[in-house]
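J.: With the input below, show me the fold.
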Amino acid sequence: MSERRLQSLVYNAVMAIKGGEKNLARNYLDRALYSARDHDILADIWFYFSQIEDDPAEKRKALEQALSYRMTHARARRALAVVDGRLKADDVINPDAIPAPIMGDSEANADRFMCPNCGARMSFAPDGQSLVCDFCAGSGDAIAEEGALSEEQDFFGAMATLRGHSKPVSRQIFHCKGCGAEFILPPNQISASCAYCTSPHVVSLEHTRELLDPDAIIPHAFSQREATKLLVGWVQAHDFTPQGHVLPPRGFYLPVWTFDFAGFISYSGQRYQDEDNPFKQGSRNRVKVTERGEYPVYIDDLVLPANHDYRDLVQKLIETYDFGKSNPYDQRYLANWAAEAYGIALGDASLEARSRAYTFYKKKLQRDMRELMNLTTSSANLAIDSYKLLLLPIWLTTYPYDGEEYQVLINGQTSAVQGQLPKEIEKESKKRKKSNGGLLDWLDDIF
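T.: So this is what the prediction gives:
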């Protein structure tokens, strides 16, 4: 059967489905299924079969068949999520008519964590486990259950709902007028100092933003004292002295998006091969043949910063985290800790992640298939399978040098340090040795 005739059968089936004529649609789909060979067309046919099935079990079988031919079939993925109860059909939106975001103020969703012994404020302790009273040092219940794992979120389902296009959870936000950074405020806190520029602010309790709740968090693992020691060690390792006093590192949580990829990159190219010459016995012709194939793609946790500021420095620090040790998000982790609000939406982040994944695998494919000429590739079947909004523990400070401010970031999980250095310090291989006492003169005392 010609491709044009096959497409006509599928089109007629779709029209019959829209007209409510299921038996007629089944007749068209049966005929198309008998003749189809292309996997993309087969995936579409089985998806349309699912639309005329009333039995949930048969509908699931048809959708699974569609995904067996093309695992990135977005409509089949969404429909299967509805059948399995992971997505509500009423939550699916029209991408061409996305509702306007909620305007005006809304009530912040905040809890206050009080000590059961003395009633004072409790803060999350940098041990990755529990809340501790700021006054009597009493401990609260453990937050993380042993062996608890954070779950990935289905990307196809999210992009079919408002979750992928808006910020549905009201959160109390501190907007720094000094540098423009934004942070999620700890519960009931009405004043804050910016973790980036240390500007103090008193904030309005009515100022809120609609934000997605985080899916996972890597808790802070050590205290400010330990972070300060790491800062001193980093300065000593680079053999220089900041030209002015430096504030101890400030701890907060940094939002990142993580994406898991699956699928393949289709490719086509040409190569030469030898064939027997039918006109001359014992000789061979060198002919050009076309080769097509599918290059498999699998990426676990492609991580992108969820904000535009200091992306190069943040990206280097991100590479030092152990993402396998994240916990399911619990708002108690933010007790007395600020968390930076994300500024890059899920949809925008996913486009950048997909571009990065395609660029990486395209180069890999070109290396592996370097014998092919005129190589062309397609990312049509490369798709994001799942995602997470993850909060990373970070300590940050700045130091002055030659009239400029330079940032230093410390991984609050693994103790890795990434910092900006003046060009002259980077170029110098060695500097005059300084004593520990001299080095510590630049750091404000916290010991």
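J.: just checking, what's the longest strand in this structure?
T.: Using DSSP state E, we find that the single longest strand of the chain is strand 250-276.
J.: starting at the chain centroid, how far to whatever helix or strand comes next after that one?
T.: Sequence-wise, the next helix or strand downstream of strand 250-276 (DSSP states H and E) is strand 284-305. Offset of strand 284-305 from its chain centre (C-alpha atoms, centre = their mean, to the nearest Å): 25 Å.
J.: Next one: residue 371 from residue 271, what distance?
T.: Distance from residue 371 to residue 271, counting by C-beta to C-beta, to the nearest Å: 6 Å. In this view, the C-beta of every residue, glycine as well, is placed from N, C-alpha and C.
J.: hey, where'd the strands end up in the stretch 1-150 of the chain?
T.: 122-124, 130-133, 139-142 (DSSP state E, counting those that start in this stretch).
J.: about what we covered before: more neighbours, residue 371 and residue 271?
T.: residue 271 (14 against 10; other C-beta atoms under 10 Å).
J.: Now do the contacts for the more buried one.
T.: Residues in contact with residue 271 (C-beta atoms under 8 Å, 6 or more residues apart in numbering) are 288, 289, 291, 371, 372, 373.
J.: Quick check: closest non-adjacent residue to the second one.
T.: Spatial nearest neighbour of residue 289, chain neighbours left out: residue 273 (5.6 Å); criterion: C-beta to C-beta, 6 or more residues apart in numbering.
J.: Correct me if wrong: the one you found contacts residue 290.
T.: No - look at residue 273 against residue 290 with C-beta atoms under 8 Å: they stay out of range, at 11.0 Å.
J.: who does the longest strand of the chain pair up with?
T.: Using DSSP bridges, strand 250-276 pairs in its sheet with strand 284-305 (antiparallel), strand 338-340 (parallel), strand 373-378 (antiparallel), strand 382-401 (antiparallel).
J.: May I see those strands arranged in TSV, with mean neighbour count as well?
T.: Converted to TSV, the strands paired with strand 250-276 look like this (neighbours: other C-beta atoms under 10 Å):
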stretch	mean neighbour count
strand 284-305	14
strand 338-340	23
strand 373-378	13
strand 382-401	23
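J.: got JSON lines for these, with distance to residue 245 and mean pLDDT too?
T.: Listed next are those as JSON lines, based on distance: least, C-beta to C-beta, whole Å; pLDDT from 0 to 100:
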{"stretch": "strand 284-305", "distance to residue 245": "29", "mean pLDDT": "87"}
{"stretch": "strand 338-340", "distance to residue 245": "23", "mean pLDDT": "84"}
{"stretch": "strand 373-378", "distance to residue 245": "54", "mean pLDDT": "90"}
{"stretch": "strand 382-401", "distance to residue 245": "8", "mean pLDDT": "90"}
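J.: Would you tell me which of the ones you listed gets closest to residue 26?
T.: Nearest to residue 26 among those is strand 382-401; the distance by C-beta to C-beta comes to 28.9 Å.
J.: Show me what secondary structure element comes after that closest one.
T.: strand 404-411.
J.: Just checking: what are the partner strands of the following helix or strand past that next one?
T.: Using DSSP H and E, the helix or strand that follows strand 404-411 in sequence is strand 417-419. Sheet pairing of strand 417-419 (DSSP bridges) gives strand 404-411 (antiparallel).
J.: follow-up on the earlier one: tell me the pLDDT of the residue nearest to residue 289.
T.: With respect to pLDDT, residue 273 scores 80.
J.: Let me see the contact set for it.
T.: By C-beta under 8 Å, 6+ apart, the neighbours of residue 273 are 286, 287, 289.
J.: any idea which of the residues you listed is the one closest to residue 25?
T.: Distances from residue 25 to the contacts of residue 273, taken by C-beta to C-beta, are shortest for residue 289, at 41.0 Å.
J.: what pairs with the closest one across the strands?
T.: residue 271.
J.: State the distance from it to residue 38.
T.: From residue 289 to residue 38 the distance is 21 Å (C-beta to C-beta).
J.: try residue 288
T.: Counting by C-beta to C-beta, the gap from residue 288 to residue 38 is 25 Å.
J.: And residue 73, how far from residue 40?
T.: 9 Å.
J.: wait, residue 362
T.: Distance from residue 362 to residue 40, by C-beta to C-beta: 20 Å.
J.: likewise residue 225?
T.: Relative to residue 40, and taking C-beta to C-beta, residue 225 is found at 59 Å.
J.: do the same with residue 355
T.: Distance from residue 355 to residue 40, counting by C-beta to C-beta: 22 Å.
J.: now residue 297
T.: 17 Å.
J.: For the protein, just list every one of the helices.
T.: 3-18, 22-35, 39-51, 56-69, 74-83, 155-159, 224-237, 311-318, 346-368, 423-427, 436-440 (DSSP state H).
J.: Which residues does the second one contact?
T.: Contact with helix 22-35 is made by 1, 6, 9-10, 12-14, 16-17, 41-42, 45-46, 48-49, 51-52, as judged by C-beta under 8 Å, 6+ apart.
J.: Put the buried members of the residues you listed into a ChimeraX selection.
T.: Here is the ChimeraX command that selects the buried residues among these (16 or more other C-beta atoms under 10 Å):
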select :6,9,10,12,13,14,16,17,41,42,45,46,48,49,51,52
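J.: show me where pLDDT drops low in the stretch 151-300 of the chain?
T.: By pLDDT under 70, the weakly predicted segments of the stretch 151-300 of the chain are 151-172, 185-192, 199-210, 276-284.
J.: With residue 26 as the reference, measure out to residue 257.
T.: 42 Å.
J.: From what I see, residue 88 and residue 82 are in contact.
T.: Yes - using C-beta under 8 Å, residue 88 is in contact with residue 82, at 7.3 Å.
J.: and these two? which has more neighbours close in?
T.: The neighbour count for residue 88 versus residue 82, taken as other C-beta under 10 Å, is higher for residue 82 (18 against 11).
J.: State the pLDDT value of the more buried one.
T.: pLDDT, residue 82: 81.
J.: swap in residue 406?
T.: Listed pLDDT for residue 406 reads 91.
J.: residue contacts, it?
T.: 398, 399, 400, 419, 420, 421, 422.
J.: Out of the residues you listed, flag the one nearest to residue 317.
T.: Nearest to residue 317 among the contacts of residue 406, with distances taken as C-beta to C-beta, is residue 419, at 9.6 Å.
J.: what's the spacing between that closest one and residue 86?
T.: Residue 419 is 43 Å from residue 86, by C-beta to C-beta.
J.: Same check on residue 45?
T.: From residue 45 to residue 86 the distance is 24 Å (C-beta to C-beta).
J.: low-scoring stretches of the stretch 301-447 of the chain, by residue?
T.: 429-442, 444-447.
J.: who touches residue 272 in this structure?
T.: So residue 272 contacts 286, 287, 288, 289 (C-beta under 8 Å, 6+ apart).
J.: Any chance of TSV for the contacts of residue 406, columns distance to residue 178?
T.: As requested, those are exported to TSV (distance: C-beta to C-beta, whole Å):
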residue	distance to residue 178
398	12
399	18
400	16
419	21
420	19
421	24
422	23
